[in-house]
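1. here are the coordinates; sequence isn't available:
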């Protein structure tokens with residue numbers, strides 16, 4: 001997620017810097033994020049490489065490719081219209097908040113109200129069981145990885161719009177860790193089959209509150225990473241504990 005975040009932003013901002021109309025540049029940046037998702041799906045499903053190894057490998061590959069392409073330089077300035085896209089507000093509500101709510105609502109209804117959302121939970125709960133019930137796990141996973149790559153690129157592009165530059169230092173391991181932690185602390189099971197968009201949003205708000213509080217208190221950024229890492233471990237431990245209790249209740 002972290003390197004695709006950076007890739008989407010750098011692709012879109014570089015295209016803007018050479019004169020491409022910024023809405024078209026944004027679409028191409030998002031499409032490139034989707035390509036990374038498809039690449040992950042291909043490696044996992046066709047080459048049977050475990051997902052954790054695949055995504056870790058593409059994380060480093062994409063991050064290195066972005067640095068090589070840009071020569072290690074951030075991209076700025078950007079078109080005024082693109083900057084306003086992320087820096088503006090409606091009735092004193094920042095545009096980024098509005099975009100986040102819209103995307104969250106759409107994904108909530110997809111996950112909770114659509115057949116595809118049911119298939120996602122079923123595949124997360126167990127590949128063999130999903131296939132036995134007529135759900136194509138490979139097709140579902142393909143769309144999941146495609147969507148994950150696209151939405152990561154969207155996040156990176158919105159960050160570039162907010163800051164007014166395509167930054168190589170944005171994204172990376174910190175974004176990957178924070179996103180994973182927000183999902184897990186929001187109630188999504190690391191073992192699959194359980195999760196919600198609302199819980200993830202609350203997890204993201206928790207980490208935003210922690211980071212803002214530490215910044216206001218002038219606490220070094222290193223401590224923020226330590227806290228996020230500790231919360232991640234605690235969240236996974238609690239998830240494993242809940243699953244063990246549920247299994248014991250089921251057996252009894």
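-> Thanks, I have it. Not measured: the values here are computed from a predicted model. Numbering: from 1, shown residues only.

2. okay, and for this structure, where does confidence drop off?
-> 247, 250-252 (pLDDT under 70).

3. Would you tell me which helix is longest in it?
-> Across the chain, the helix with the greatest residue count (assigned by DSSP state H) is helix 221-251.

4. Show the residue spans covered by the helices in the stretch 101-250 of the chain.
-> Assigned by DSSP state H, counting those that start in this stretch, the helices in the stretch 101-250 of the chain fall at 115-125, 127-132, 137-163, 172-185, 197-216, 221-251.

5. Tell me the buried residues in the longest one?
-> Under the neighbour-count criterion of 16 or more other Cβ atoms under 10 Å, helix 221-251 has 224, 227-228, 231-232, 235-236, 239 buried. C-beta coordinates here come from the backbone N, C-alpha and C atoms, glycine included.

6. just the fifth one next, same as before
-> The neighbour-count check on helix 197-216 (16+ other Cβ under 10 Å) flags 197, 199-201, 203-204, 207, 210-211 as buried.

7. Ok, the first one next?
-> Within helix 115-125, the residues that count as buried by 16+ other Cβ under 10 Å are 117, 119-124.

8. ok, of the residues you listed, which one's closest to residue 48?
-> When the buried residues of helix 115-125 are compared for distance to residue 48 (Cβ to Cβ), residue 123 wins out at 16.6 Å.

9. Identify the residues contacting that closest one.
-> By Cβ atoms under 8 Å, 6 or more residues apart in numbering, the residues touching residue 123 are 130, 135, 137, 140-141, 144, 192.

10. separation between it and residue 142?
-> Using Cβ to Cβ, to the nearest Å, we find residue 123 at a distance of 11 Å from residue 142.

11. And for residue 14?
-> Distance, residue 14 to residue 142, using Cβ to Cβ: 28 Å.

12. quick one: the strands in the stretch 1-150 of the chain?
-> With DSSP state E, counting those that start in this stretch as the criterion, the stretch 1-150 of the chain has strands at 89-90, 93-94.

13. Compare those and give me the one nearest residue 47.
-> Proximity to residue 47 (Cβ to Cβ) singles out strand 93-94 among those, at 42.3 Å.

14. strand partners of that closest one, parallel vs antiparallel please.
-> Note on strand 93-94: by DSSP bridges, its sheet partners are strand 89-90 (antiparallel).

15. hmm, who's touching the partner strand?
-> Outside strand 89-90, the residues that touch it by Cβ under 8 Å, 6+ apart are 95, 98.

16. Stretch 103-113 too?
-> Outside stretch 103-113, the residues that touch it by Cβ under 8 Å, 6+ apart are 116-117, 120-121, 151, 154, 195-198, 201.

17. of all these, which comes closest to residue 55?
-> Ranked by distance to residue 55 (Cβ to Cβ), the contacts of stretch 103-113 are led by residue 151 at 14.6 Å.
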